[in-house]
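>>> Sequence and predicted structure are below.
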Amino acid sequence: MFFKFIYIFVFEKFEKIEMVDLSQYSTMKVGGKARFMLFPKNTDELTEIFDICKVMDMKTFVLGNGSNVLFDDNGFDGAIVSLKKFDSFSVDGEDVWVGAGVNLFALNILLKEHELSGLEWSFGIPASLGGFLFINGGCFGHEIGDFVLEVVVLDDNRARTIGKHDCGFAYRSSALQKYVILGAKLHLKHEKRAIIQQNMNFYLKKKRESQPCDLPSLGSVFKVVKSNPEVHPAKLIDKLGLKGVKIGKAEVSTKHAGFIVNTGGATSKDILSLIELLEEKLREIGVFVEREIVVLKEDDKWTSGKRDLWR
Ligand SMILES: Cc1cc2nc3c(=O)[nH]c(=O)nc-3n(C[C@H](O)[C@H](O)[C@H](O)COP(=O)(O)OP(=O)(O)OC[C@H]3O[C@@H](n4cnc5c(N)ncnc54)[C@H](O)[C@@H]3O)c2cc1C
């Protein structure tokens, strides 16, 4: 009770939700409660939050749009730091500055308004720019890293700029994973608005045709096997006849075997059990897959610069 009071007092000045229902903040719609969700408005507030959490020995987890995070049914015993309010956007010719919290849907609309083309392939992916940079997200042969000029991060609680060549962009990975990403400067190309809209419609249609967009999911569960990029987990899962396999309310999507969907009321236990089953079946045919999604357990600990603790 005493500690609860202290926490409320130290976080008083920040926008926050106490005992937040995490299922509302993941596109999988799964998760228990976290003690706090904090919404810093700027870098000063963010660094202050990390300082407080360090002193109070409170666990923290940085959240983008929650489209790749599986929260625990038991919640998270700490503070979730949402970067939603890092939503700045400005244009300088064909270069744009985008805050980490801007989601790709809004970003594509803004870019179209400014007649800037390049990211239309990402239209429809429910990610924030920060989360997308974190994993160097991509599809249809494109990756976000290809458009980056520089990224601003929080390194040991201090902001610093990292040039593109030091970002370590690789297939679904980046060297940015040890930092908090604050925003990035991207380079695009001028194009007519109507063409940009056409491209956006094209890619959105392609996604809707091939992915289970009507059910909660986290996108592809597994990465393509690094040692053999031809080995596509989704195709193998399909070949093994595992589409539609269910544990509890979690199901291997019948539309795209790389996705696990929540058919209504799935628990994190259902989803993890299904992931483990797929991993076992793939192992049986000699394929060792790496997870693309992030699983945040109740007791996982993350502090700025030490994030490999739960990955
Ligand atoms: C329907 C659907 C379709 C998808 N399609 C694709 C696709 O085509 N291509 C693709 O690559 N992915 C796809 N995804 C997966 C997902 O959108 C990406 O992994 C995305 O990069 C996650 O971004 P996010 O903002 O939601 O991150 P979150 O899920 O919030 O977080 C993911 C990880 O990034 C970290 N993180 C987030 N923001 C920051 C930050 N600012 N600084 C430091 N760390 C941060 C978190 O701590 C966490 O470890 C899809 C997901 C869904 C649900």
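Structure received. What you are looking at is a predicted structure, and each value in this text was computed from that prediction instead of being measured. Numbers count the residues shown, from 1 in each chain.

>>> who's in contact with the residue of the stretch 201-311 of the chain found nearest the ligand?
Per Cβ to the nearest ligand atom, Gly219 is where the stretch 201-311 of the chain lies closest to the ligand, at 2.4 Å. C-beta coordinates here come from the backbone N, C-alpha and C atoms, glycine included. Shown in contact with Gly219 (Cβ atoms under 8 Å, 6 or more residues apart in numbering): Ser67, Asn68, Ile125, Gln211, Phe259, Glu292, Ile293.

>>> which SS state does the first one fall under?
I take that to be Ser67. coil (DSSP: H, G, I helix; E, B strand; the rest coil).

>>> Tell me the spacing between it and the ligand.
With the distance defined as Cβ to the nearest ligand atom, to the nearest Å, Ser67 ends up 3 Å from the ligand.

>>> re the thing from before, make TSV out of the contacts of Gly219 and add neighbour count, secondary structure and pLDDT.
Converted to TSV, these look like this (neighbours: other Cβ atoms under 10 Å; DSSP: H, G, I helix; E, B strand; the rest coil; pLDDT from 0 to 100):
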residue	neighbour count	secondary structure	pLDDT
Ser67	21	coil	98
Asn68	24	coil	97
Ile125	24	coil	98
Gln211	21	coil	96
Phe259	22	strand	98
Glu292	19	coil	95
Ile293	20	coil	96
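
>>> Send over stretch 101-118 as CSV, restricted to the C-alpha atoms.
Output of stretch 101-118 as CSV, limited to C-alpha atoms (Å, rounded to 0.1, in the frame of the first residue of the first chain):
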residue,chain,number,x,y,z
GLY,A,101,5.4,7.0,-32.1
VAL,A,102,3.9,7.8,-35.5
ASN,A,103,2.1,4.8,-36.8
LEU,A,104,2.7,3.7,-40.4
PHE,A,105,-0.9,4.3,-41.4
ALA,A,106,-0.7,7.9,-40.3
LEU,A,107,2.8,8.2,-41.8
ASN,A,108,1.6,7.0,-45.2
ILE,A,109,-1.3,9.5,-45.2
LEU,A,110,1.0,12.4,-44.3
LEU,A,111,3.6,11.4,-46.9
LYS,A,112,0.8,11.3,-49.6
GLU,A,113,-0.3,14.8,-48.6
HIS,A,114,3.3,16.0,-49.1
GLU,A,115,3.6,14.1,-52.4
LEU,A,116,6.4,11.9,-51.1
SER,A,117,6.7,8.4,-52.2
GLY,A,118,8.6,5.3,-51.1
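
>>> what mean pLDDT would you report for that stretch?
Stretch 101-118 carries an average pLDDT of 98.

>>> now check that stretch, is it near the ligand?
No: using Cβ under 6 Å from any ligand atom, stretch 101-118 stays clear of the ligand, coming no nearer than 7.3 Å.

>>> Report whether the expected contact of Ile293 with Val69 is present.
Yes: the pair Ile293 / Val69 is scored as a contact, 7.2 Å apart, by Cβ atoms under 8 Å.

>>> can you list residues touching both of those two?
With Cβ under 8 Å, 6+ apart as the test, Ile293 and Val69 both reach Leu218.

>>> Flag the shaky bits of this protein, pLDDT-wise.
Scanning the chain for pLDDT under 70 picks out 1-5, 301-311.

>>> mind giving me the domain ranges of the chain?
With domains defined by automatic domain parsing, the chain comprises 2-85, 89-208, 220-292.

>>> want to throw those domains into a markdown table with distance to Asp299?
Listed next are the domains of the chain as a markdown table, based on distance: least, Cβ to Cβ, whole Å:
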| stretch | distance to Asp299 |
| --- | --- |
| domain 2-85 | 6 |
| domain 89-208 | 20 |
| domain 220-292 | 14 |
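
>>> Asp300: which of the ones you listed is closest?
Proximity to Asp300 (Cβ to Cβ) singles out domain 2-85 among the domains of the chain, at 7.1 Å.

>>> Report the separation between the residue of the stretch 201-311 of the chain closest to the ligand and Val252.
Gly219 sits 14 Å away from Val252, going by Cβ to Cβ, to the nearest Å.

>>> now swap in Phe105 and tell me
Distance of Phe105 to Val252, given as Cβ to Cβ: 26 Å.

>>> Look at those two and report which has more neighbours.
Val252 (25 against 17; other Cβ atoms under 10 Å).
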